[in-house]
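S.K.: Starting from these lines, generate the structure:
(3 chains)
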Amino acid sequence: MRKDLIDRIMSVAGLVVRVCVYVMLALPAVIVIVSSFAADNVLSFPPTGFSLRWYKSAFANEEFMASLWTSTYIGILASCLSLGIGFAAAFAIDRYEFPGRAAFQALALSPLIVPGIVLGIGLLYLFAWTGLNQTLAGILFAHVVLAIPYVVRTVLASLSLFDRRLEEAAMNLRAPPWVVLRRVTFPMLLPGILSAAVFAFVVSFGNVTVTAFLTYDDTVTLPVRLFSYVQQSSGPFVAAISSIMIAVTLIVILVIEKLIGAERLA
Amino acid sequence: MKSSKDVVVSLKGVSKRYGDVTAVETLSLDVRRGELLCLLGPSGCGKTTTLRMVAGFVEPSDGAVVIDGQDMTREPPYRRDTGMVFQNYALFPHMTTAQNIAFGLENLKWAKADRDKRVLEMLTLVEMAHLSDRLPAQLSGGQQQRVALARALAMRPAVLLLDEPFSNLDAQLRVRMREEIRDVIRRVEITTIFVTHDQEEALMLSDRIGVMNKGKLEQVGTPADIYERPASRFVAQFVGWCSLLDGTVDTNGNFVSTRGLAFKSSLPPGAATAVIRPEHVKARDPDLADARPTYTAKVITSDYYGGISRLLLRVCGEQLMMEGHFPQDRRPRVGDEVAIALETAQIPTVPAAPP
Amino acid sequence: MQSTPAKPGRGHLLLLISPLLAVLIAFLVLPLVWLFRASFYAGEGFVERSGFSLAHYQHFLFDGYYLSVLVETLLYGVVTAIVCAVIGFPVGYSLARLPPQRRRWRMIIVILPLTLSLVVVVFGWVAILGRSGLVNSILVASGLFDSPHTLLFNKTAVIIVLVQQTIPFMILSVMSVVAQIDPVLEHAAANLRANRFVTFARVIIPLAAPGLMAGFVLVFVIAISAFITPMLVGGSRIRMIGSFIYEQMMSSMNWSFGAAMAFIILGAGLLFTALLNALAARRFVRR
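M.R.: Numbering: from 1, shown residues only, chains lettered A, B, ... in the order given. The predicted structure follows:
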């Protein structure tokens, strides 16, 4: 069908802009991964040669591997904690009427709108005074705070899609409350719960804006260690470490995507 | 001989295919100036697709769409001289009634003074002048429809297109809006194509009806043509109630159905399918003489609808419906026998079903 | 909510909500309140935690240099938000109108950068814009450049990275609002002689404005609080409040001053948001 000239220009321009945006969004991760296979020690493009030496170097580096381990177990701990706290809160919001419910929900989601730097220095301050400074617990609680909104949002969405009539049907079929929970509610909410856990892990694992203020000599999470390192040097070694981080995140994200679809992530 | 100026919209062999599915098949139709033509058919028959091809939202796979003598097949919707009223009215929620109506005129680059005058004209036409500053959310369904109509008509389009305009309204409102819209259309004297699945609506509003089924146009004609002289089994069954009796006419001019209902017919000998509607079946006083073919029928079901009662009768092995006014106490009951006569002169026939 | 929420179990309810209340009050509300208090301490707030003084705020607001950094930071925020709005809108619009199966991979590309660690993404840009990085290699190979230029450590690089960091929020905001605009309205506009351009200008964008605004505000707030990006991509010549705050907290150990700066930038963000909302309200009220 014929179109006005301006429409055709808009069509083409729109396509160009969209392609540029998608490329821009995907490019950093792609370049990081590609650069990690460089043979020599320069971040050049195209990379000269193909080598796994930087990965070998990364895995051999004690400090970075310690950080990887630290980030992973903080991530798992934070994920479990925030899942427990967040699920309970979401359940309360969805199933109970109580005064201040709206405010409670707003509080639960509020860490999303607090700039990382403000929360970071606030916690630094609090921890310094309460002695939680330079402890694992401090970082853990910070990550739990960051992860809770994601858990609450995901679980709430899951709960809102859940048809309560299934529970009613179960009760009509003589199932007492705990059996209903165990055999009907929980299994159906499981995908949502798992996604929430995965979100929480990813948020904790990758966080740098808040954690940058909270780490200390012995316990440095991987992103923060990377941050300090990059300020001094950048090369394929950094790319290798970054790629390992991307791999961990990607695997974990693709798991959610399979479970609930990319739509629901938004 | 009609000059081409009398035809406002001409569809020439228009088809639309989506992959393997044919939505509209080689449809040719001329819409005459000033007429109100209805495209009638069940869901999925292609009537909405056809309307959208006239509007320009769908590009035909084959064929041409000619509006006012010009081939518009490849033109985008905003270059076509059509005004459309959508099923859910599609009023712009962020614009007032007046702004909605003015929108088309602004795009057509009318001068402000002319626009304002025209908007007022249209508002008065649909009796919405006092609501010109309202937003669509503040209007009722019927009011929104009037604004949508005014908006489409403001541009003085060559043809008005209505896409199932009454299906969103409840029954009572529907009847009232039908009449209102018909009055407006007649007053403005605009050529109109409208799409509906409601045959009552089609019969009551249209100058001509195009009955569609599975992408094909089965018959085009006046409401009387469609109802009294259906061209096919589908048209006969879709518009109004009927019993279809397959049978043959012999050399003596007797029609005999396969199950044995017989009457005299003026049709040439051969296969025929009779279309018997309730008005062809009349109750009679068995004691009086009757020139029409008479039968004794057995009542199978008997339903009271107030003003009329509907009886399903078995006559010579066939089922026929009769409508009549019987006070409740004198309504024939199931199992009763009634004397009836057939108005055979009025009974149309359609081509026999393919074997 | 479907059937009536449960009445019994007041104790249950308490059990469910108290962990979140405890954690967030202790580790979100309290720190912020304390920080606010700290910004009024007489001293640096590290050892001395007493007194009430506006000294830190005065130190910042009455200093031309610091004020210029504040203004620059706000400008970065505005520019980032505008760029995100302009190039993010087409993406958000197209995502809203695509059928679900075509949308899947595009959504993954939009959301993925949000899930990766910021430091990884920013490092990626260092690799792209570095002297032997992707852009330089292409431009040199194609002959447009004679030799590699320094593309990093300038304003443009910072804006580019800030845009990439924040545009997913704009895209998602636009997408969610456009999804609520009935596509039939676009057909109606076309029938009323509006070509695509007019349809966008007079129907789609006005109706999408709330989403654009929400995205604008979100992008702005994130951009003005950034510190990782300006530090890694901007180098020493780029000054944003965020990097100053980091410096104050981690090296200079003048925590109260850092706190004061944090609340100044928060205040600026709030003010800007309020201004934008007021502007929007005026535009929509006018007939």
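S.K.: Show me the shaky parts of the chain.
M.R.: As the question left the chain open, I've gone with chain A. A:260-266 (pLDDT under 70).
S.K.: hm, I was asking about chain C
M.R.: Scanning chain C for pLDDT under 70 picks out C:1-8, C:45-48, C:283-287.
S.K.: Identify the residue nearest residue B:59 in space, chain neighbours excluded?
M.R.: Spatial nearest neighbour of residue B:59, chain neighbours left out: residue A:1 (5.2 Å); criterion: CB to CB, 6 or more residues apart in numbering or on different chains. Where C-beta positions appear, they are placed from N, C-alpha and C, glycine not excepted.
S.K.: measure residue A:69 to chain C for me?
M.R.: Distance from residue A:69 to chain C, counting by CB to the nearest CB, to the nearest Å: 16 Å.
S.K.: Ok, residue B:19 next?
M.R.: According to CB to the nearest CB, residue B:19 and chain C sit 15 Å apart.
S.K.: Now that residue: phi and psi?
M.R.: Main-chain dihedrals, residue B:19, degrees, to the nearest 10: phi 60, psi -120.
S.K.: Keeping just the C-alphas, turn stretch A:143-163 into PDB.
M.R.: Extracted in PDB, the C-alpha atoms of stretch A:143-163 (Å, rounded to 0.1, in the frame of the first residue of the first chain):
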ATOM      1  CA  HIS A 143      21.500  -7.500  49.800                       C
ATOM      2  CA  VAL A 144      18.300  -8.700  51.500                       C
ATOM      3  CA  VAL A 145      17.000  -5.100  51.500                       C
ATOM      4  CA  LEU A 146      17.800  -4.800  47.800                       C
ATOM      5  CA  ALA A 147      16.200  -8.100  46.900                       C
ATOM      6  CA  ILE A 148      13.000  -7.900  48.800                       C
ATOM      7  CA  PRO A 149      11.100  -5.700  46.300                       C
ATOM      8  CA  TYR A 150      11.800  -8.100  43.500                       C
ATOM      9  CA  VAL A 151      10.700 -11.000  45.600                       C
ATOM     10  CA  VAL A 152       7.500  -9.200  46.700                       C
ATOM     11  CA  ARG A 153       6.700  -8.100  43.200                       C
ATOM     12  CA  THR A 154       7.200 -11.500  41.700                       C
ATOM     13  CA  VAL A 155       5.300 -13.400  44.300                       C
ATOM     14  CA  LEU A 156       2.400 -10.900  44.300                       C
ATOM     15  CA  ALA A 157       2.100 -11.300  40.600                       C
ATOM     16  CA  SER A 158       2.100 -15.000  41.000                       C
ATOM     17  CA  LEU A 159      -0.500 -14.900  43.800                       C
ATOM     18  CA  SER A 160      -2.800 -12.600  41.800                       C
ATOM     19  CA  LEU A 161      -2.900 -15.100  38.900                       C
ATOM     20  CA  PHE A 162      -3.600 -17.900  41.300                       C
ATOM     21  CA  ASP A 163      -7.200 -19.000  41.200                       C
END
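S.K.: and that stretch, how far out from the chain's middle?
M.R.: 13 Å (CA atoms, centre = their mean, to the nearest Å).
S.K.: Run the contact check for it versus chain C.
M.R.: Yes: using CB under 8 Å from any CB of the partner chain, stretch A:143-163 reaches chain C at A:144-145, A:148, A:152, A:163.
S.K.: Scan those and report the most crowded one.
M.R.: Neighbour counts for those peak at residue A:148, which has 33 neighbours (criterion: other CB atoms under 10 Å in any protein chain shown).
S.K.: Nearest to chain C among the residues of stretch A:143-163 next to chain C?
M.R.: Taking CB to the nearest CB as the measure, chain C lies nearest residue A:145 of those, at 4.8 Å.
S.K.: and that closest one, what helix or strand is that in?
M.R.: Assigned by DSSP states H and E, residue A:145 belongs to helix A:136-161.
S.K.: rewinding a little: surely the residue nearest to residue B:59 and residue B:79 touch.
M.R.: No: counting by CB atoms under 8 Å, residue A:1 does not reach residue B:79; the two are 9.6 Å apart.
S.K.: who has more neighbours, these two?
M.R.: Higher neighbour count among residue A:1 and residue B:79: residue B:79, with 16 against 12, using other CB under 10 Å.
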